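A.B. asks: build me a structure from this.
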Amino acid sequence: MNFEEFLMTKKHIEPAKVRYFLYWVNLYKDFRETNPNAESLMFYQQLDNMVQPWQVQQARKAVLFFQNYSHMPNTQEKGLDIVLNSDFEKSWSKVYNKMTEELQLQHKSYSTEKAYLSWVKRFERFCDQKSPANITQEHLKKYLTYLAMQRQVAIATQNQAFNALLFLYRYVLAIEINNLDNVPRAVKKRKLPVVLSLKEIHCIFTRMSGIHLLMAELIYGSGLRLEECLSLRIKDLDFENNIITVRSGKGNKDRRTILPKYLQNHLSQHIIGNRVLYEKDRVEERNGVALPYALERKFPEAGKEWGWFWVFPSLKLSVDPHSNVIRRYHLYPSTLQKAFHTAVIKAGIHKHASVHSLRHSFATHLIEHGYDIRTIQELLGHSNVSTTMIYTHVAQKNKLSLISPFDNLPQS
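C.D. replies: Numbering: from 1, shown residues only. Below you'll find the model as predicted:
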């Protein structure tokens, strides 16, 4: 089987698109021949300056598929496989470097990057630090079994480990993973989200103040995730139409949600204070804020524009973990988490409530007021309506008409 047949039969690439995949692979081969010591990242960066982002992704997929093809027995080409994997024969550190490159190329968040690299390091220890070139699918099966049977980790932990290692095998080691059905998996328990009543939310908010109160109110009023609230830019707020644009939310999707009218005046006053901080940064010629993906490379001065400034900026400067550039970032998540937890305790609420409970409460209260489930799904940014449907199980409106049979017993 040649590579062209492999693409159509194994990867189900449409015949009309096969020639593009062959083009990218040949282009990558030429690049490696002329730049034998260069990292793959340089190839994709060069492409990024010449073609559209979707074409860069197609090129990455083409090279990945060729790596998979090269691992198959009796294939007609092995040259690229040797070039791609020779770096991994002795050094795990080069694996980590390649992993970091791939995570950044796919625009994974910094927290995801740290979590995935942490799992790879644990996996390396489990494999007794065998050479990366000797790692097989069996090592992955044994490790996942170890996590489920011996460590008895939660389903979310096992899923994160699986996703991290699948990323390692697929995008770094170029090993296709199959037949994991017999690997023991932790049992997922059905848990209802923690929802706060209107009275409880009021009690919590009365025990918060300043920027922490404003952020908590916005998360509840708009159904935001904590990270989505922190990542808001000035240009994401549309006061005229009462809309917030959430950019690159979970799943790297954009969406729009509601901006509460009650908060507009508070937000406007807060943003006036931000303008003072922004002007101070410009006067002191500080670096602009970080921009998503390749925007900073294409528009190096855009980070200094007011529209890109954070709605909730940190008062302190910090070092960008990717570029090592000193710049202003948004507030750290723990600042609100700690303030909210303290307010919950002071309010005497014994539910296991977190900042995310405000988002759960937003959805549940909308359902209780009769809003359409599809509308709520769009506001929350859920890919599947079944995820939104969980809130119907905790909404009180559906249960108000029910009377316990105990209450119908004759009174003694």
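A.B. asks: all contacts plus neighbour counts: C-alpha atoms, from now on.
C.D. replies: OK.
A.B. asks: just checking, what's the longest strand in this structure?
C.D. replies: For the chain, the strand with the greatest residue count under DSSP state E is strand 313-319.
A.B. asks: paired strands for it, with orientation please.
C.D. replies: Paired with strand 313-319 in the same sheet, following DSSP bridges, are strand 326-330 (antiparallel).
A.B. asks: now do the partner strand, average pLDDT.
C.D. replies: For strand 326-330, the mean pLDDT works out to 94.
A.B. asks: list the buried residues of whichever helix or strand comes after it.
C.D. replies: Counting by DSSP states H and E, the element after strand 326-330 in chain order, helix or strand, is helix 333-346. Across helix 333-346, burial judged by 16 or more other Cα atoms under 10 Å covers L336, Q337, A339, F340, H341, A343, V344.
A.B. asks: centre of the chain to helix 333-346, how far?
C.D. replies: Relative to its parent chain, helix 333-346 has a centroid offset of 23 Å by Cα atoms, centre = their mean, to the nearest Å.
A.B. asks: got the domain ranges for the chain?
C.D. replies: 3-172, 198-393 (automatic domain parsing).
A.B. asks: least confident of the ones you listed, on average?
C.D. replies: If the domains of the chain are sorted by mean pLDDT, domain 3-172 sits at the bottom with a mean of 81.
A.B. asks: off-centre distance for it?
C.D. replies: Centre-to-centre, domain 3-172 and its host chain are 19 Å apart (Cα atoms, centre = their mean).
A.B. asks: adjust the sequence numbering to begin at 2 for everything that follows.
C.D. replies: Okay, using 2 as the starting number, the last item reads as domain 4-173.
A.B. asks: can you give me the end-to-end distance of that domain?
C.D. replies: End-to-end distance for domain 4-173: 20 Å, by Cα to Cα, to the nearest Å.
A.B. asks: do the same with stretch 171-184
C.D. replies: End-to-end distance for stretch 171-184: 18 Å, by Cα to Cα.
A.B. asks: now do the buried residues in that stretch.
C.D. replies: For stretch 171-184, the neighbour count (16+ other Cα under 10 Å) marks R171, Y172, V173, L174, A175, I176, E177 as buried.
A.B. asks: export those residues to JSON lines and tack on distance to V326 and secondary structure?
C.D. replies: Listed next are the buried residues of stretch 171-184 as JSON lines, based on distance: Cα to Cα, whole Å; DSSP: H, G, I helix; E, B strand; the rest coil:
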{"residue": "R171", "distance to V326": "31", "secondary structure": "helix"}
{"residue": "Y172", "distance to V326": "28", "secondary structure": "helix"}
{"residue": "V173", "distance to V326": "27", "secondary structure": "helix"}
{"residue": "L174", "distance to V326": "31", "secondary structure": "coil"}
{"residue": "A175", "distance to V326": "32", "secondary structure": "coil"}
{"residue": "I176", "distance to V326": "35", "secondary structure": "coil"}
{"residue": "E177", "distance to V326": "37", "secondary structure": "coil"}
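A.B. asks: which of these sits closest to D49?
C.D. replies: For the buried residues of stretch 171-184, the closest approach to D49 (Cα to Cα) belongs to Y172, at 18.5 Å.
A.B. asks: do you know how far that closest one is from P54?
C.D. replies: Per Cα to Cα, Y172 is found 18 Å from P54.
A.B. asks: cool, and A344?
C.D. replies: A344 sits 45 Å away from P54, taking Cα to Cα as the criterion.
A.B. asks: again, but for L264
C.D. replies: On the measure of Cα to Cα, L264 and P54 end up 37 Å apart.
A.B. asks: and what of Q270?
C.D. replies: Distance, Q270 to P54, by Cα to Cα: 38 Å.
A.B. asks: who has more neighbours out of these two?
C.D. replies: A count of neighbours by other Cα atoms under 10 Å puts P54 above the other of Q270 and P54, at 14 against 10.
A.B. asks: so who does the more buried one touch?
C.D. replies: By Cα atoms under 8 Å, 6 or more residues apart in numbering, the contact list for P54 is empty.
A.B. asks: likewise for N69?
C.D. replies: By Cα under 8 Å, 6+ apart, the residues touching N69 are A175, I176, E177.
A.B. asks: swap in 10 Å and give it another go.
C.D. replies: Counting by Cα atoms under 10 Å, 6 or more residues apart in numbering, N69 touches F7, A63, D82, R171, Y172, L174, A175, I176, E177, I178.
A.B. asks: state the helix or strand in which it lies.
C.D. replies: helix 54-72.
A.B. asks: distance of the spatially closest residue to L318 that is not a sequence neighbour relative to D321?
C.D. replies: Ranked by Cα to Cα, 6 or more residues apart in numbering and with sequence neighbours excluded, the top spatial neighbour of L318 is R329, at 4.7 Å. Counting by Cα to Cα, the gap from R329 to D321 is 9 Å.
A.B. asks: and for the two, which residues touch both?
C.D. replies: Joint contacts of R329 and D321 (Cα under 10 Å, 6+ apart) are V290, A291.
A.B. asks: can you pick out the residue with more neighbours from these two?
C.D. replies: Here R329 and D321 are compared on neighbour count by other Cα under 10 Å; more neighbours surround R329, at 23 against 14.
A.B. asks: how far away is the more buried one from V19?
C.D. replies: 45 Å.
A.B. asks: and if you look at L337?
C.D. replies: For L337, the distance to V19 equals 50 Å [Cα to Cα].
A.B. asks: in this structure, which spans are strands?
C.D. replies: For the chain, applying DSSP E gives strands covering 238-239, 244-247, 256-259, 314-320, 327-331.
A.B. asks: wait, which of those strands is closest to L296?
C.D. replies: Checking the strands of the chain against L296 by Cα to Cα gives strand 327-331 as the closest, at 16.2 Å.
A.B. asks: in that closest one, which residues are buried?
C.D. replies: R328, R329, Y330, H331.
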